[in-house]
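predicted model and sequence follow; I will ask about them next.
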Amino acid sequence: MLRRVLFFAISIVTCSARSSAGTDTAPRTVEIIADGDNRFKLPGQSKQVLILKAGEPLLLKITARRGQEMARDGAVHSLVIRSLRTEGWDVRLKEGEQEVRLHAPIHPGTYLIECTVRCGAGHDNMKLKVQVEP
């Protein structure tokens, strides 16, 4: 009986340690500019591809600059991964700076961030490639 109690107690402690290990991870900060020329930009990077680790917590620091057009609600751009809208990857951007907390997609692969707010002549090409690694 004592063995069972000890085994149960050790199991609970082990499970608790495993589940809290990933929650203490500070989010990775990623800067993105949604520019007035209808392009997403990653400052300081020559290759404009956002490379993420699967499932990692993120703090997106987004600067949105107004293009030629904007939405009725005041959004000047948006940041959307269509297949991940329900996971929070559907953000309307007002002019200025904002911070958004998200998690990288859990499945490795290539994703596409798009602007869904009609923002000007180059709107249809306002995209940013996201590469998610294991």
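Right, received. Where do you want to start?

what's the neighbour count on the closest residue to residue 34 other than its chain neighbours?
Take residue 34 and drop its neighbours on the chain: the residue closest to it by C-beta to C-beta, 6 or more residues apart in numbering is residue 77, 4.0 Å away. C-beta here means a position set from N, CA and C on the backbone, and glycine is covered the same way. When neighbours are counted by other C-beta atoms under 10 Å, residue 77 registers 31.

beta partners for the spatially most central residue of the chain?
Central residue of the chain (C-alpha atoms, centre = their mean): residue 102, 4.7 Å from the mean position. Using DSSP bridges, the beta-bridge partners of residue 102 come out as residue 58.

I'd say it and residue 88 touch.
Yes: here residue 102 reaches residue 88: they are 5.0 Å apart, a contact under C-beta atoms under 8 Å.

just the helices in this protein please.
Counting by DSSP state H, the chain has helices at residues 2-21.

ok, which stretches of this structure are strands?
Counting by DSSP state E, the chain has strands at residues 28-34, 40-41, 49-53, 57-64, 75-80, 90-94, 96-103, 109-114, 127-133.
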